[in-house]
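Peer 1: here is a sequence together with a model predicted from it:
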Amino acid sequence: MEFIITFTDPKHAVKIVEVLERNDYLFQSIHTPHELLEINFFFCENALMVSKGNLLLLELISELPVASLFCIQNSQYEFVYSVQEGT
């Protein structure tokens, strides 16, 4: 399953990439899809796409207070986890 990880500060990408690499996920940097920018216009212009994600990815992302996670199903983006701003 494909996932998109979004964040609101470009500096957060470094921390997210470190976690993905440490856990052997294959990912690429992409332009944040327009549909996700409509959800939160504070998302950065770039996002990370994980091509073969699993439930462990949700656990890893939920431990990072800087990332939101969406999955791609039937060409639509479905909310999986969202960063709780201000925590």
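Peer 2: That came through, no problem. Treat the numbers as computed from the prediction; the structure is a model and nothing was measured. Numbers count the residues shown, from 1 in each chain.

Peer 1: all contacts plus neighbour counts: C-alpha atoms, from now on.
Peer 2: Will do.

Peer 1: which parts of the protein are helices?
Peer 2: Secondary structure of the chain (DSSP state H): helices at 12-22, 34-39, 55-62.

Peer 1: now do residue 18 against residue 26, distance only.
Peer 2: 12 Å (C-alpha to C-alpha, to the nearest Å).

Peer 1: ugh, wrong one, I meant residue 32
Peer 2: 17 Å.

Peer 1: more neighbours: these two, which one.
Peer 2: Higher neighbour count among residue 32 and residue 26: residue 32, with 19 against 12, using other C-alpha atoms under 10 Å.

Peer 1: residues contacting stretch 63-80, please?
Peer 2: Identification of contacts with stretch 63-80 by C-alpha atoms under 8 Å, 6 or more residues apart in numbering yields 1-8, 12, 16, 35-36, 58, 61, 81-84, 87.

Peer 1: that one spans what distance, first to last residue?
Peer 2: 14 Å.

Peer 1: sort out which residues of it are buried, please.
Peer 2: 66-71, 77 (16 or more other C-alpha atoms under 10 Å).

Peer 1: tell me the one of the residues you listed nearest residue 41?
Peer 2: The shortest approach to residue 41 among those belongs to residue 68, at 13.1 Å (C-alpha to C-alpha).

Peer 1: leaving aside the residues next to it on the chain, what's closest to the closest one?
Peer 2: Excluding the flanking residues, the one nearest residue 68 by C-alpha to C-alpha, 6 or more residues apart in numbering is residue 82, at 4.2 Å.
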